[in-house]
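>>> The sequence isn't on hand, but the structure is:
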């Protein structure tokens, strides 16, 4: 049941056998070993080795290869042609290992490169590499819809020059160093990646989960069509993340995208949606179709070529210098605190913009015409200011005594504009119009004290620059008296 070759010094050894266990040592430099086994074969504790010569092991009749011992070809290659599969703890050491198996295969390797094909339907393949970088050559690594794992121990890297293909199964790539798939592709239903350093992925996958653990290390993913962020998320340790889809592909965020204090760039040929949150310093979003994004970022830049844009942030958000733009489609920006601010312009063309802060302010008055649209609908709880280029404005400031300042050089039509006893200021040289109701509560009024009330001072002053109304005839003496009495009696509401 055991066949052993020791200290052979032949230029070529061919062993054709029907054995249980094989131990072999071919001592001649560069001498090769070829083994053809009729069925199952076990590599014994004495190992199978050459002195830098090619090793070829073939099993027939469904035979499996169990590696209790090691297979070592030094700087030469190892070829495993297996009618069954392979398993065991024995290490394969070579320049390259080329594996063909019908059944499931698991290899422990110290090689420079790997070629592998598992042909049995749904049979898995796992390669665990130690001590060296590992390269998948242009000859590829593949399964027939079986799970595929390539694992490279730290600190080494995994480079894919060919394709890694698992059909409708899952590919898992782990590297203590980097995972670089820049010329080849990963083809699978799901791709799971863990790497210690900056990594690049070209993919044809349905779902991606990725974790880049090295501080500041980046992740760049290019997907051939649609991509889903899985529940395992995509994250770095404060390194930039760039996700690109091609071929009209959309991005569905079932999981989150988290770059910590770094930036996220999403270049999406289609659109993006989903419940997953994008967390980063800044997110830069470019999409081809309508998009909805949930963020936890400091700032955002967004450009949608065709369709609407909705951005929802858990706190405040700044519009970056690249702005937020659509091509005549609605834009909605929602914050749940802090401020919606920044230096960037928001432009919806002939469509509408909605700005909502459910627990904070809106401050977009850093430049003229910072909000450009047909209509602006604004809602905030704290004092806000906007410079606009819109046809119509509707606004509500819900916080007590919180006001709103609006600047626009051209004519502005007002819908309903209100505050909760906060001052409403309109700097609109082009003039105001509209059928909306404008209500400032008691803003500008000190109850019972007309002469201390801004409203009364403004309607009675002789200074044309500050007098209300800015256009048209001033209040008559009788009208002024009615307002004085109204304030003095502490009744009514002030209507701007």
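On my side now, so go ahead. Predicted model only: the values in this text are computed from it and were never measured.

>>> what's the weakest-modelled helix or strand in the chain?
Ranked by mean pLDDT, DSSP states H and E, the weakest helix or strand in the chain is strand 2-8, scoring a mean of 38.

>>> gap between residue 460 and residue 485?
In this view, residue 460 and residue 485 are 13 Å apart by CB to CB, to the nearest Å. To be clear about C-beta, it is placed using only N, CA and C from the backbone, and glycine gets the same treatment.

>>> and if you look at residue 114?
Here the criterion is CB to CB. By it, residue 114 lies 93 Å from residue 485.

>>> more crowded one of those two?
Legend: neighbour count by other CB atoms under 10 Å for residue 114 and residue 485, higher for residue 114 (25 against 12).

>>> who touches the host helix or strand of the more buried one?
Element membership for residue 114, per DSSP states H and E: strand 113-121. Applying CB atoms under 8 Å, 6 or more residues apart in numbering, the external contacts of strand 113-121 come out as 85, 95-105, 124-125, 127, 134-137, 139-146, 150.

>>> What is the neighbour count of residue 261?
For residue 261, using other CB under 10 Å, the count is 12.

>>> Look at it and give its secondary structure.
Secondary structure, DSSP: H, G, I helix; E, B strand; the rest coil: residue 261 is coil.

>>> Am I right that it is in contact with residue 239?
No: applying CB atoms under 8 Å as the test, residue 261 and residue 239 come out as separate, 9.4 Å apart.

>>> Can you name the residues bridging to the most centrally placed residue in the chain?
What sits nearest the mean C-alpha location of the chain, by CA atoms, centre = their mean, is residue 257, with 4.1 Å. Assessed by DSSP bridges, residue 257 has beta-bridge partners residue 234, residue 278.

>>> Surely it is in contact with residue 233?
Yes: contact criterion CB under 8 Å: residue 257 and residue 233 qualify, at 7.2 Å.

>>> overlap in contacts of those two?
residue 276.

>>> Give the residue spans of this protein that score low on pLDDT.
Where the chain drops to pLDDT under 70, the residues are 1-19, 445-447, 470-471, 490-496.

>>> 50 instead, please
Regions of the chain meeting the criterion pLDDT under 50 cover residues 1-12, 15-16, 490-496.

>>> For the strand holding residue 114, what is the distance to the chain centroid?
31 Å (CA atoms, centre = their mean, to the nearest Å).

>>> strands paired with the next helix or strand after it, and their directions?
Per DSSP H and E, strand 113-121 leads on to strand 125-129 as the next helix or strand towards the C-terminus. Strand 125-129 has the following sheet partners, assigned by DSSP bridges: strand 105-110 (parallel), strand 148-152 (parallel).

>>> Direction-wise, compare the shortest one with strand 113-121 and give the angle.
This points to strand 148-152. Strand 148-152 runs at 160 degrees relative to strand 113-121, counting by axes from the mean of the first three to the mean of the last three CA atoms, to 10 degrees.

>>> Let the chain start at 6 from now.
Yes, from this point I'll number from 6; that puts the last item at strand 153-157.

>>> tell me how far the helix or strand where residue 233 lies is from the chain's mean position?
Using DSSP H and E, residue 233 maps to strand 232-242. Offset of strand 232-242 from its chain centre (CA atoms, centre = their mean): 7 Å.

>>> That one packs against which elements?
The contact analysis (3 or more CB pairs under 8 Å, 6 or more residues apart in numbering; DSSP states H and E) places strand 232-242 against strand 204-220, strand 224-228, strand 246-250, strand 256-258, strand 262-263.

>>> go with 7 Å
With contacts taken as 3 or more CB pairs under 7 Å, 6 or more residues apart in numbering; DSSP states H and E, strand 232-242 sits against strand 204-220, strand 256-258, strand 262-263.

>>> so can I have a markdown table of these showing distance to residue 394?
Output for the helices and strands packed on strand 232-242, formatted as a markdown table (distance: least, CB to CB, whole Å):
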| stretch | distance to residue 394 |
| --- | --- |
| strand 204-220 | 40 |
| strand 256-258 | 32 |
| strand 262-263 | 33 |
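
>>> closest one to residue 330 among those strands?
Of all the helices and strands packed on strand 232-242, it is strand 256-258 that lies closest to residue 330, at 18.7 Å by CB to CB.

>>> State the phi and psi torsions of residue 418.
phi -90, psi 130 (degrees, to the nearest 10).

>>> Correction: the previous question concerned residue 484.
Dihedral angles for residue 484 - degrees, to the nearest 10 - are phi -70, psi -40.

>>> got it, and residue 485?
Dihedral angles (degrees, to the nearest 10) for residue 485: phi -60, psi -40.

>>> and it, how far is that from residue 66?
110 Å.

>>> of these two, who's got more company?
The residue with more neighbours, out of residue 485 and residue 66, is residue 485; 15 against 11, by other CB under 10 Å.

>>> chain center to stretch 124-136, what's the gap?
How far stretch 124-136 lies from its chain's middle: 29 Å, per CA atoms, centre = their mean.

>>> Measure how buried residue 394 is and give me the count.
Residue 394, neighbours per other CB under 10 Å, totals 17.

>>> Skipping its backbone neighbours, what lies nearest it in space?
Nearest residue to residue 394 in three dimensions, chain neighbours excluded: residue 374, at 3.9 Å (CB to CB, 6 or more residues apart in numbering).

>>> what about the one you found, neighbour count?
For residue 374, using other CB under 10 Å, the count is 15.

>>> Got phi/psi on it?
According to degrees, to the nearest 10, residue 374 has phi 60, psi 40.

>>> before we move on, the earlier item: these two touch, right, the residue nearest to the centre of the chain and residue 234?
Yes: using CB atoms under 7 Å, residue 262 is in contact with residue 234, at 6.1 Å.

>>> Find residues that contact each of the two.
residue 281 (CB atoms under 7 Å, 6 or more residues apart in numbering).

>>> ok so, going back, let me see the contact set for the residue nearest to the centre of the chain.
Counting by CB under 7 Å, 6+ apart, residue 262 touches 234, 239, 246, 269, 281, 283.
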